[in-house]
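Undergrad: Turn this into a structure:
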Amino acid sequence: MAQSRAARLAPVVEMAERAEREAALQLGHAQGLMRQAEAQLGDLERYRGDYQQQWITEGQRGVSGQWLMNYQRFLSQLETAIGQQRGSVDWHRNNMLKVREVWQQRYARLEGLKKLVKRYQDEARIAEDKREQKLLDDLSQRLASRELQR
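TA: This next block holds a predicted model:
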């Protein structure tokens, strides 16, 4: 009976395995998108640093008012882009955390089902061992009583 309980759970375990694999794939995708957004933010911040270094270099040589206005305008746009990219990184990080939580729940469910199946299999094995031992004991008693009757 316990073995049949384990066998009946097999389709449920298979569904849980598929759900866990799918969640793991989604987590990997979300992590990749987050890393990509972080890399883009790093690129923008490095570009800003390079651009600021250009200001130092050009400023030492002397710059025109037009150059300074263009520099400030572009730096302002760059700061806006960096702010937006930080928002994108935050969004991707939050999304990845939500997807990770879903994966953790599905993984925990799968592990719980596997433990239940193992318990049912162990119970079935123990019941079978007891049944075999009882048969052997009965057979021993019959043989012993036949020997006594001779």
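
Undergrad: and stretch 58-77, how far out from the chain's middle?
TA: Taking C-alpha atoms, centre = their mean, to the nearest Å, the mean C-alpha location of stretch 58-77 is offset from the chain mean by 47 Å.

Undergrad: mind listing what's buried in that stretch?
TA: Within stretch 58-77, the residues that count as buried by 16 or more other C-beta atoms under 10 Å are residue 71. All C-beta atoms are positioned from the backbone trio N, CA, C, and that covers glycine.

Undergrad: for this structure, longest helix please?
TA: Assignment by DSSP state H gives helix 65-149 as the longest helix of the chain.

Undergrad: Mind giving me the packing neighbours of that one?
TA: With contacts defined as 3 or more C-beta pairs under 8 Å, 6 or more residues apart in numbering; DSSP states H and E, the secondary structure elements packing on helix 65-149 are helix 2-61.

Undergrad: what's the model's confidence in the helix it packs on, averaged?
TA: When the per-residue pLDDT values of helix 2-61 are averaged, the result is 92.

Undergrad: now residue 9, nearest residue through space, not along the chain?
TA: Counting by C-beta to C-beta, 6 or more residues apart in numbering, the nearest residue to residue 9 once its immediate chain neighbours are dropped is residue 117, at 5.3 Å.

Undergrad: isn't that neighbour right next to residue 13, touching?
TA: Yes. Checked against C-beta atoms under 8 Å, the pair residue 117 and residue 13 is within contact range at 6.2 Å.
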